[in-house]
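> I would like the atomic coordinates for the input below:
(one chain, ligands or ions: 1)
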Amino acid sequence: MFLKYLYQRLASYRFKKIHPIIRLLKKSFGEQDPGEINFNFSTEPTRMQIIQKIIDKKKYNSYLEIGTNTNELFLEIVCEKKIGVDPYSGGNKRMTSDSFFKQNEEKFDCIFIDGLHHYDQVKKDIINSINCLNNNGAILIHDCLPKNISAQSIPRTELVWNGDVWKALVEQRTNENLDCYTILADQGIGLILKRKNRDILKIDTNNFKKLKFSYFYENHKKIMNIFKFEQILRII
Ligand SMILES: C[S@@+](CC[C@H](N)C(=O)[O-])C[C@H]1O[C@@H](n2cnc3c(N)ncnc32)[C@H](O)[C@@H]1O
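Numbers count the residues shown, from 1 in each chain. Now for the predicted structure:
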């Protein structure tokens with residue numbers, strides 16, 4: 001009982017030194033591990049190639065990146081107007097995505113969401129992005145395909161980490177006015193287009209945060225609407 005209580009308390013904090021303890025407690029009291037999904041990204045294009053190809057194909061003029069870190073992606077992207085938002089490093093706006101969207105009055109053609117990988121934050125980033133996306137624009141979301149339960153664990157316990165971003169994409173898959181896909185590449189790249197949903201997801205919940213990894217493990221192909229990038233290029 002005490003250990004379970006301790007695990008629940010620790011799981012609500014975000015500090016790094018405790019990771020081995022959280023990992024151990026998670027193993028004992030967290031969700032059962034269903035195993036690993038064999039996503040093979042190694043032969044697929046990178047996020048840089050995908051974003052640039054979409055910008056070029058659609059003749060986009062403006063690019064917004066949420067979460068720029070070391071600028072590995074931000075500096076590579078070629079686009080007339082570029083804004084990169086990060087409270088700690090990279091980009092050209094030193095602030096959180098919430099603060100950015102609060103004061104932003106501009107519209108963008110392409111938005112890449114790659115900030116804090118927690119469902120609640122990603123959901124906010126998606127809604128704020130929809131509100132400043134040009135009609136013909138595209139929202140891309142990194143880290144939508146975690147291969148195992150540790151990779152999606154909140155709080156973070158692993159170096160290679162996707163968080164529970166996938167839940168926010170699943171939620172948008174139920175929206176009849178947004179057309180959503182996941183590109184099988186580079187940790188899974190969600191794609192949201194402002195048009196009628198061509199394959200609306202029916203799901204028996206409205207509490208998406210509570211979805212379990214075991215549900216993702218069993219249903220990822222259907223709920224994430226996964227396609228290779230070459231197929232995506234034909235439908236955008
Ligand atoms: C995975 S890294 C981004 C990597 C980068 N987009 C790339 O492709 O190379 C995540 C970044 O999100 C930033 N971040 C964390 N919380 C954020 C927030 N609330 N708003 C914006 N960025 C945030 C972190 O500082 C970190 O640099």
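> going forward, measure contacts between C-alpha atoms and count neighbours the same way
Fine.
> wait, Ala151 touches Gly163, no?
Yes - using CA atoms under 8 Å, Ala151 is in contact with Gly163, at 6.3 Å.
> which one's more surrounded, the two?
Gly163 (25 against 19; other CA atoms under 10 Å).
> for the more buried one, which non-adjacent residue is spatially closest?
Excluding its sequence neighbours, the residue lying closest to Gly163 (CA to CA, 6 or more residues apart in numbering) is Gln152, at 4.0 Å.
> surely Ile111 is within a strand?
Yes - counting by DSSP: H, G, I helix; E, B strand; the rest coil, Ile111 is found in a strand.
> helix or strand: which one has Asn71?
Per DSSP states H and E: Asn71 is located in neither a helix nor a strand.
> which regions of this structure sit below the pLDDT cut-off?
1-19, 21-29 (pLDDT under 70).
> let me see the domain layout of it.
1-29, 44-235 (automatic domain parsing).
> are we agreed that Gln52 is in a helix?
Yes - assigned with three-state DSSP, Gln52 falls within a helix.
> what's near enough to touch it?
Ile77, Val78 (CA atoms under 8 Å, 6 or more residues apart in numbering).
> any idea how far it is from the ligand?
13 Å (CA to the nearest ligand atom, to the nearest Å).
> kindly report the same for Val160.
To the ligand, Val160 is 10 Å away according to CA to the nearest ligand atom.
> kindly report the same for Glu106.
17 Å.
> what do you get for Ile127?
In terms of CA to the nearest ligand atom, Ile127 sits 14 Å off from the ligand.
> now that residue: which helix or strand?
helix 119-131.
> on the C-terminal side of that helix, identify the next helix or strand.
strand 133-141.
> circling back to that earlier point, my guess is the residue nearest to Gly163 contacts Asn162. True?
Yes - using CA under 8 Å, Gln152 makes contact with Asn162 at a distance of 5.4 Å.
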